[in-house]
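Student: Provided below are the primary sequence and the corresponding predicted coordinates.
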Amino acid sequence: SQTIHQWPATLVQPVGSPLSLECTVEGTSNPNLYWYRQAAGRGLQLLFYSVGIGQISSEVPQNLSASRPQDRQFILSSKKLLLSDSGFYLCAWSISGTLETQYFGPGTRLLVL
Amino acid sequence: QQQVKQSPQSLIVQKGGISIINCAYENTAFDYFPWYQQFPGKGPALLIAIRPDVSEKKEGRFTISFNKSAKQFSLHIMDSQPGDSATYFCAAVDYDKIIFGKGTRLHILP
């Protein structure tokens, strides 16, 4: 069966510090991968998606970036965090070629102080 | 045109009652309409989904009603239970995009 992992589970970072969140998927090959942000009490904002290694599409211009160094690894990064980057970050995957069913990870709660 | 409008933002229902959440879309290219359930501190999970060639889909206590001409769909939770208390998201999908509604926070009173 497929599983998706995210770490860390929680993170408290000062403004201006760098960020690296990691997501890995097991049990499937060549998945579509997604990064979402969920601000407190709000909906899901798609940040990045990837259909293959090294292929990243950005949905929202911001100070975040994403990379996919391996087929089942997706990394969300920032060089300098802003207060507004606080939120709940969710990684998700779907079967290659379709967005229909998204399988979400457990999320990382980021607080920028 | 790319929005999915979800209502209400929050909903309180008595145990045993019917919970109803509504969504509306504009883009007729959408061809798959899932609902996701999210418990606090967890990632969303697919609950039930429907395609536009079907007017209703039922899985246990959960039913999606779909009105293609009105471009609206809704989630009905029958015999609502305290364990159903969660945030619910509707979504609309076509071949290269998925758009989520802003979510409904449902609370079932015991």
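Tutor: Arrived safely.

Student: what about the helix or strand bottoming out on mean pLDDT in chain B and chain A, touching?
Tutor: Ranking every helix and strand in chain B by mean pLDDT, DSSP states H and E puts strand B:97-100 at the bottom, with a mean of 87. Yes. Strand B:97-100 reaches chain A (C-beta under 8 Å from any C-beta of the partner chain) through B:97, B:98, B:100. Heads up, the C-betas are built off the backbone N, CA and C, glycines and all.

Student: please point out which parts of that strand sit buried.
Tutor: B:98, B:99, B:100 (16 or more other C-beta atoms under 10 Å in any protein chain shown).

Student: same deal with stretch A:29-43?
Tutor: Here stretch A:29-43 shows A:31, A:32, A:33, A:34, A:35, A:36, A:37, A:38, A:43 as buried, counting by 16+ other C-beta under 10 Å.

Student: now do that stretch: distance to the chain's middle.
Tutor: Distance of stretch A:29-43 from the chain centroid (C-alpha atoms, centre = their mean, to the nearest Å) equals 6 Å.

Student: can you tell me what sits against it?
Tutor: For stretch A:29-43, contacts defined as C-beta atoms under 8 Å, 6 or more residues apart in numbering or on different chains pick out A:23, A:25, A:44-52, A:66, A:68, A:71-72, A:74, A:76, A:86-99, A:102, A:104, A:107, B:89, B:100-103, B:105.

Student: got it, and stretch B:102-110?
Tutor: Here stretch B:102-110 makes contact (C-beta under 8 Å, 6+ apart) with A:41-44, B:6-15, B:17, B:19, B:21, B:38, B:77, B:80-89.

Student: looking at it, residue A:26 is touching residue A:2, isn't it?
Tutor: Yes. Using C-beta atoms under 8 Å, residue A:26 is in contact with residue A:2, at 6.5 Å.

Student: which of the buried residues of stretch A:29-43 fall within strands?
Tutor: In strands, judged by DSSP state E, the following of these are found: A:32, A:33, A:34, A:35, A:36, A:37, A:38.

Student: okay, the residues you listed in CSV with pLDDT next?
Tutor: Shown next, in CSV, are those (pLDDT from 0 to 100):
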residue, pLDDT
A:32, 94
A:33, 95
A:34, 95
A:35, 95
A:36, 94
A:37, 93
A:38, 91
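
Student: among the residues you listed, which one sits closest to residue B:54?
Tutor: The closest of these to residue B:54 turns out to be residue A:32 (C-beta to C-beta; 24.9 Å).
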